[in-house]
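Asks: Have a look at this prediction, sequence included:
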Amino acid sequence: ILQNKINNDPNVIAFQCALGNENKTVIMNVEIVNNGQSSSILKPKKHLEQYPHITFDFTEEVSMFKLDDLDIDFSQYNFINIDVQGYELEVFKGASKTLENINYIIY
């Protein structure tokens, strides 16, 4: 879905992976009703109470990488916007080099 939305925009790079504090394979809890926007590596708890119409339909094995290990020159950027369903701290643990250049974070 994201790949289709960016439509080969030269200013956008999309990676099909999860972000975290390690490079490994993890299990993602996937939902369909919300177009995958609520899918998460974390098992849903409060989400099921607050949004009972969103159910997690299956799990999927995905590759997880540290943000620092992606092939991106982060020295060009000073801002990061991240929405990873409560997994932000783990992503930042894998981004110590990346965060050296970041002045602003929205999560």
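Replies: Okay, I see it.
Asks: The most centrally placed residue in the chain and residue 10: what is the separation?
Replies: Using C-alpha atoms, centre = their mean, the residue of the chain that lies closest to the mean C-alpha position is residue 84, 4.5 Å off. From residue 84 across to residue 10, the span is 25 Å (C-beta to C-beta, to the nearest Å). For glycine as for every other residue, the C-beta is placed from the backbone atoms N, C-alpha and C.
Asks: one step back: distance check, the residue nearest to the centre of the chain against residue 52.
Replies: Separation of residue 84 from residue 52 (C-beta to C-beta): 22 Å.
Asks: same check, this time on residue 7
Replies: Distance, residue 7 to residue 52, using C-beta to C-beta: 34 Å.
Asks: Residue 29 too?
Replies: Noted for residue 29: a distance of 15 Å to residue 52, by C-beta to C-beta.
Asks: higher neighbour count, these two?
Replies: residue 29 (18 against 8; other C-beta atoms under 10 Å).
Asks: who's in contact with that one?
Replies: By C-beta atoms under 8 Å, 6 or more residues apart in numbering, residue 29 lies in contact with 39-44, 56, 59.
Asks: Ignoring the adjacent residues along the chain, who's closest to it?
Replies: Leaving aside its chain neighbours, residue 29 sits nearest to residue 56 (4.5 Å; criterion: C-beta to C-beta, 6 or more residues apart in numbering).
Asks: go on, residue 35?
Replies: Nearest residue to residue 35 in three dimensions, chain neighbours excluded: residue 1, at 6.4 Å (C-beta to C-beta, 6+ apart).
Asks: Tell me which helix or strand comes right after the lowest-mean-pLDDT helix or strand in the chain.
Replies: Least confident helix or strand, the chain: helix 46-50 with a mean of 81, by mean pLDDT, DSSP states H and E. Next in sequence after helix 46-50, counting helices and strands by DSSP states H and E, comes strand 56-65.
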